[in-house]
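Engineer: just the structure for this:
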Amino acid sequence: MTYQTINPYTNEVVATFPDATHEEVDAAITAAHAAFLSWRETPFSARTAVLGKAAALLRADRRRYAELLTLEMGKVIGEAEAEVDLSADILQYYADRGETLLETEKVPVAYAAEGQVEIVSQPLGVLLSIEPWNFPYYQVVRVAAPQLLAGNTILLKHASNVPQAAAMFDDLFARAGLPAGGFQNLYLPHALTEHVIDDPRVRGVALTGSEEAGSIIAAYAAKAVKKSTLELGGSDAFVVLKDADIDKTAQWAVFGRHWNAGQVCVSAKRMIVVDDVFDEFFEKYRAGVAALRSGDPMDPKTTLAPMSSQGAADNLAVQVKKAVAGGAKAETLGAPVPSKGAFFQPTILTGMDSKNSSYYEEFFGPVSIVIRVKDEAEAIAVANDSPFGLGGSVFTKDTKNGEKVARKIDTGMVYVNHPTMVKADIPFGGIKHSGYGHELTNLGIQEFVNKKVIDVVDINAAF
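Structural biologist: Prediction:
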C-alpha cells in the first residue's frame, strides 16, 4: 500500500511516505514492549499528567491540527476544529478520572469461598490500533487515551491517506511526556499486519474500519488467540414519527446525513418516515439538502466537503448506479459541485426495498435513502431490517414513547431527537455486522485489561 497525502479538494499529491520495513516493525514492537514494562508500573498520577498535557497541546495549537485534517481528507475547517476539540476532551476525560476507572473491586463472599477476594485491573501489554481516515484524530484518541491510562502501549496503523495526521501523534505524545516507545505510528503494509498480531508481545488489536477489514483482522486475532474489538460500518435508521417537530427534524436530518460529507459510520443513512408526515418532511429535507454549499473546505461558508478521495467518490457513484438498476429512483439536488476534486453531488434515493440488492448496503457519502412506512410499528421493523447495528435515532415530541421505540431498535446506540451524540463521556459500540466491543468511558478502558481475581486466605484457616 502507498501512504500518501492527496488533497481531496484538488486531487494533487502533496507527500508520499515509505512503508515500514520488516526490521522497523520488529524494532517498534521491541520498543513498545520495553516501554510497557515500565509504563505499567508508572503511577496513575504520571499517566494522567501525560494525557492532560496532550489535551492542552491540542487545544493550544488547534488551528494547525485542524488544517492538516482539511488537507488530508477534505473535512471542512469548522468540523476539523470540532474534531480537535473532541479529541482534547477525550484525553482530558481520562486525565480527570484516572485511577477511579480501574479501582480494585472487593467481592463479597457468601458461599463456600474463603478469604478476602478482590478483582484488580491490570494492563495486557502492547496493542495494535488500526484506524480509518474519516476522523483521523478522534478515532486514534478513542483507543489511545483509555489504553495509555490503563498502562498499555500502542502501535498505530492508520489509513494510508492520512499519514501526516498519524505522525502527529508521535510528536504529540512525545511532547506530552510519554516515554519513548509508548506510542508509535507505523506506516504498516498490509503484508505485515498479521506478523504484528502474531507477535507474542502484542496482546490485542482494536480496529475501526470496514466490515471486510474487520473480518480479516478478527480472523488474525482469533488465530493468534488475542483479544480484538471491532467498530465497523453502519446504516443507521433516522426514524420520524407522526408527532415529530418536522422543521427541527428535517434540519437534523440534513446535518445527520451530510456532516463530514456523509462519511460517518453513525450518520443518518436511512430516513424512515411514517406516512402521516412523509410529504412535509420530504419537502423540507429536499430543500435543506439543496441548500448545501460545496467548495473549498478551508472556506467557513462551505457546508459540504469533498469526499476523502476520488476513489471514494467513484465507488459511491457505482453504488448509486447499482441501486437505480435495482429499481430505486435517484434525485440529485443543489448547485453543481465543483468538477475538480473528489466532490459528489448530494443524492436522494427513493423506492428502495428489500428486493433491491443495494438496500442492505452502507452508502458512505452524501447519499440518502428515504423510506415511507405506514406507522410506528413498520418503522421499527424497517429500522431493524439491516445487517448493521451501530446507531440510530428517533424523532418525536413524546420523549417517553421515543425511549420505548429506541429500546426496540436493534443497535448499540440510539438517540431520541438527535441524529448522533459523539461525546467524550458517551460510550460507543455496535452489534451485528457493526462489530463488537466498546470505546470511550469506563466501558472502553475495560476492553484491554486483565480482570484478575486475587483471593487471600489466612494460612491459619482450617484445612
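Engineer: grab the most central residue of the protein for me.
Structural biologist: Nearest to the mean C-alpha position of the chain, by Cα atoms, centre = their mean, lies Gln139 at 5.4 Å.
Engineer: that residue looks like it's in a strand, true?
Structural biologist: No. Gln139 is assigned helix when assessed by DSSP: H, G, I helix; E, B strand; the rest coil, not a strand.
Engineer: would you quantify the distance from it to Ala244?
Structural biologist: As judged by Cβ to Cβ, to the nearest Å, Gln139 and Ala244 stand 32 Å apart. (C-beta placed from N, C-alpha, C; glycine too.)
Engineer: pretty sure the residue nearest to the centre of the chain contacts Pro132?
Structural biologist: Yes. Under the contact definition of Cβ atoms under 8 Å, Gln139 touches Pro132, with a separation of 6.0 Å.
Engineer: just checking, Val117 touches Val107?
Structural biologist: Yes. In this structure, Val117 is within contact of Val107 by Cβ under 8 Å, at 4.1 Å.
Engineer: find residues that contact each of the two.
Structural biologist: With contacts defined as Cβ atoms under 8 Å, 6 or more residues apart in numbering, the residues adjacent to both Val117 and Val107 are Val453.
Engineer: ok but Lys53 is inside a strand, no?
Structural biologist: No. Counting by three-state DSSP, Lys53 is not part of a strand but helix.
Engineer: now for the closest residue to it other than its chain neighbours: which residues touch it?
Structural biologist: The shortest distance from Lys53 to any non-neighbouring residue, by Cβ to Cβ, 6 or more residues apart in numbering, is to Ala176 (4.0 Å). Listed by Cβ under 8 Å, 6+ apart, the contact set of Ala176 reads 50-51, 53-54, 57.
Engineer: figure out how far the least confident helix or strand in the chain by mean pLDDT is from the centre of its chain.
Structural biologist: Lowest on mean pLDDT, DSSP states H and E among the helices and strands of the chain sits strand 105-107, with a mean of 92. From the chain centre to the centre of strand 105-107 is a distance of 33 Å (Cα atoms, centre = their mean, to the nearest Å).
Engineer: what lines up beside that strand in the sheet?
Structural biologist: strand 116-123 (antiparallel) (DSSP bridges).
Engineer: follow-up on the earlier one: so what pLDDT did the residue nearest to the centre of the chain get?
Structural biologist: With respect to pLDDT, Gln139 has a value of 98.
Engineer: and what of the one 3 residues further on?
Structural biologist: Each residue has a pLDDT score; the one for Arg142 is 97.
Engineer: Asp458 too?
Structural biologist: The model's pLDDT for Asp458 equals 81.
Engineer: contacts only, for it.
Structural biologist: Contact analysis of Asp458 by Cβ under 8 Å, 6+ apart lists Gly115.
Engineer: what of Leu91?
Structural biologist: 51-52, 54-55, 58, 141, 145.
Engineer: and Ala145, how far from Val50?
Structural biologist: Note on Ala145: its distance to Val50, by Cβ to Cβ, is 10 Å.
Engineer: ok, those two, which is more surrounded?
Structural biologist: Set Ala145 next to Val50 and count neighbours by other Cβ atoms under 10 Å: Ala145 wins out with 26 against 23.
Engineer: contact partners for that one?
Structural biologist: Ala145 is in contact with 51, 90-91, 93-94, counting by Cβ under 8 Å, 6+ apart.
Engineer: from Gln164, how far off is it?
Structural biologist: 21 Å.
Engineer: most widely separated two among the contacts of Leu91?
Structural biologist: Across those, no pair lies farther apart than Gly52 and Val141, at 13.2 Å, counting by Cβ to Cβ.
Engineer: buried ones in the biggest helix by length in the chain?
Structural biologist: Longest helix in the chain, counting residues (DSSP state H): helix 77-97. Residues 77, 79-95, 97 are the ones in helix 77-97 that count as buried (16 or more other Cβ atoms under 10 Å).
Engineer: all helices for the stretch 351-463 of the chain, in order.
Structural biologist: For the stretch 351-463 of the chain, the helices defined by DSSP state H, counting those that start in this stretch occupy 376-384, 399-408, 441-445.
Engineer: between the ones you listed, which gets nearest to Tyr187?
Structural biologist: Closest among the helices of the stretch 351-463 of the chain, using Cβ to Cβ: helix 441-445, at 25.9 Å.
Engineer: name the helices or strands packed onto that closest one?
Structural biologist: helix 138-150 (3 or more Cβ pairs under 8 Å, 6 or more residues apart in numbering; DSSP states H and E).
Engineer: any idea how far Ala312 is from the closest residue in space to Glu403 that isn't next to it in sequence?
Structural biologist: Leaving aside its chain neighbours, Glu403 sits nearest to Val416 (6.1 Å; criterion: Cβ to Cβ, 6+ apart). Going from Val416 to Ala312 by Cβ to Cβ gives 31 Å.
Engineer: and these two? which has more neighbours close in?
Structural biologist: Ranked by neighbour count (other Cβ under 10 Å), Val416 and Ala312 place Ala312 first, with 23 against 18.
Engineer: how about the contacts made by that one?
Structural biologist: By Cβ under 8 Å, 6+ apart, the contact set of Ala312 is 263, 342, 364-365.
Engineer: pretty sure Gln116 contacts Val456?
Structural biologist: Yes. Judged on Cβ under 8 Å, Gln116 makes contact with Val456 at a distance of 4.8 Å.
Engineer: more neighbours: these two, which one.
Structural biologist: Using other Cβ under 10 Å as the criterion, Gln116 and Val456 rank with Gln116 on top: 13 against 10.
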